[in-house]
Every structure is written in structure tokens, then in C-alpha cells.
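**Student:** missing the sequence, but the structure's below:
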């Protein structure tokens, strides 16, 4: 994979953070026109079909008979549960608040990676995990008091857990599958499962095929799902995984600002305080003490890579 320049990397990161940030209020607005499961299924299927165009030239790398269980488990965790729970949950909570809880995922990743991937656990990471839990507790406090939906909070946490488990699973099995086929089949299989669930619990006639809904659906399918995941894997594949992780905290911030402006969602003190704690926790979890860092590569070693 060709290494992107610093400017290209900055532009790709800006694109990814922006579209994934505005995805939350946009999805919230689209739910006024569609039941949640059918909406989640349609947008992931469209995104998967678009990525299929990119994946088909790599057909020799699919090896579906050998690897189908990996695609299925990943689709259930990263698509069916992640998108399903979040789309249903957006009916219960403001988009900004919901995204702030879901992006507790990097903190959960720290725990799961330590438990199942053998990644190191050190003081900074422990402090980050504690602050992360504190942030979610502060945000969720209003739910216990009845000011916001406790069901919505649980759905947001469920979405974060499924995404974290799915990411750990992908880390553990990723070397056995092609990355483009992984995300393509995730979307296609997960989309089919979501639409099938919607068939049993929702009605196609409830979808209002208005211009705002169609535009939102196409924007999310093309830019957030298809192009968003392609950009994500481009950055990760070119060695920018750490940068992607460190910038994820901007996504709920963008979501909160956009939701406040266009959906008139309130900016409460508990939301801002909880978000600050979560942002700090993500930064601490992503920091690595100097003694744990690998020695810097020489110019010749970098050239070999």
C-alpha cells in the first residue's frame, strides 16, 4: 500500500472524523422517517454493495469456505449489534449524548485487549480506565434520576461493548482474512441480518421515502459507511492506527456540536463534564510509557518495512 503523505494523512483523518461525527445527528434525524432496524439494514447493505466493487478484484483472497465463521462473528458484533443497538438507542437519547457514551469503546478496548490479547496494563492505562468509567457515570447520572432514558444509556453501552468485542475479534483473527473482504462481508452479512430482523418487527410501509430521508440515507451509506471504512483501513494499513485511535475523541465532540446547532439538543454540564473525563481517559489509555515503547527504527529498517 502506498504510504500517504502528511497532508494526505491529515485530510483523510479530517474526513473520517468529520463524517463519523455528523453521522450521529444525521441518523437521529433520519429516524423520524424510518423504523430503526430497517434503516440500519438498508444503509449497511448499500455500503456493503458499494465496497463489493472494490473487493471483487481481490476475489482470490476471499477463501470463504475456510474463513466464513470469522466473517459471520465479526458481522454480528461490528454490524448487527453495533449498528442495531445504536439505531434503536438513538430513539431514546439525544444524538450527542448517545455518541459520547458509545465512544467509551476505546476504554473498553483497553480492558478487553489486556484480557484476551495479552496487551500490557500499566498505571496510565488503569487511570484512564477509571476516568472513563467516571465519565460514563457522570453522563448516566441523569438517567438514574429520570431526566434521561436509562434504556437509552444501556443501549449505548451495549453498542460500545459489541464494537469493542468486535474490534478485539478482528485484531485476533485479522491476519487470516483480507481486510477489504472483511469489512465488505461484515456489512453485507450484518445488513441482511438487520433487514431480516426488521422484517419481523417493523413494517416497510412505515418508511417515508422523502427527499430528506433519501439524502440522509445516501450520505450515510456512501460517505460514513463505504468511504469511511475504506479511509479507516487505508490509514491503519499505512501505519496510522495510533493516529486514528488518538483522534476518535473528536467524533463525539463534533456530534455534540452539530446536534446542538441543528437538532437543538441541550449542552448540559453533566454531558460536558462526562465527555471531558472520557476524552482524558482515551488519551491516557492510548499513551505508552517510554520503557514499554519499542526502540526507534533506523532508516534502513523503515525502508525494509
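**Tutor:** Ah, there it is. No experiment lies behind these values; they were computed from the predicted model shown.
**Student:** wait, residue 15 sits on residue 231?
**Tutor:** Yes - counting by C-beta atoms under 8 Å, residue 15 does reach residue 231; the two are 6.0 Å apart. Yep, even glycine has a C-beta here, placed from its N, CA and C like the rest.
**Student:** Looking only at neighbour counts, state which of the two leads.
**Tutor:** residue 231 (19 against 14; other C-beta atoms under 10 Å).
**Student:** Next up, phi/psi of the more buried one, please.
**Tutor:** phi -60, psi -40 (degrees, to the nearest 10).
**Student:** for the protein, what are the low-confidence residue spans?
**Tutor:** Across the chain, the ranges flagged by pLDDT under 70 are 1-2, 140, 142-147, 236-246, 286, 288-305.
**Student:** count of residues packed around residue 199?
**Tutor:** 13.
**Student:** contacting residues for it?
**Tutor:** Residue 199 makes no contacts at all, as judged by C-beta atoms under 8 Å, 6 or more residues apart in numbering.
**Student:** Quick check: buried residues in the one helix or strand it maps to?
**Tutor:** Here residue 199 sits within helix 179-201, counting by DSSP states H and E. For helix 179-201, the neighbour count (16 or more other C-beta atoms under 10 Å) marks 179-195, 197-198 as buried.
**Student:** now swap in stretch 54-70 and tell me
**Tutor:** 55, 62, 67, 70.
**Student:** check which helix or strand covers the last one.
**Tutor:** Element membership of residue 70 [criterion: DSSP H and E] is helix 64-75.
**Student:** The first one too?
**Tutor:** According to DSSP H and E, residue 55 maps onto helix 36-55.
**Student:** Likewise for residue 12?
**Tutor:** According to DSSP H and E, residue 12 maps onto helix 6-30.
**Student:** what's that helix packed up against?
**Tutor:** helix 95-102, helix 211-219, helix 228-237, helix 241-247, helix 250-262 (3 or more C-beta pairs under 8 Å, 6 or more residues apart in numbering; DSSP states H and E).
**Student:** wait, isn't residue 166 in contact with residue 71?
**Tutor:** No - using C-beta under 8 Å, residue 166 makes no contact with residue 71, being 11.8 Å away.
**Student:** For residue 117, grab phi and psi.
**Tutor:** Recorded main-chain torsions at residue 117 are phi -110, psi 0, according to degrees, to the nearest 10.
**Student:** What's the local residue count around it?
**Tutor:** Per other C-beta under 10 Å, the neighbour tally for residue 117 reads 11.
**Student:** That one: what's it in contact with?
**Tutor:** For residue 117, the contacting residues are 168, 171, 172, by C-beta under 8 Å, 6+ apart.
**Student:** Look up how far residue 14 lies from the second one.
**Tutor:** Distance, residue 171 to residue 14, using C-beta to C-beta, to the nearest Å: 25 Å.
**Student:** the more surrounded of the two?
**Tutor:** Set residue 171 next to residue 14 and count neighbours by other C-beta under 10 Å: residue 171 wins out with 15 against 12.
**Student:** Which strands and helices lie in contact with the strand or helix carrying residue 171?
**Tutor:** In this assignment (DSSP H and E), residue 171 forms part of helix 150-173. Using 3+ C-beta pairs under 8 Å, 6+ apart as the contact test, the elements touching helix 150-173 are helix 64-75, helix 82-89, helix 95-102, helix 105-116, helix 123-144.
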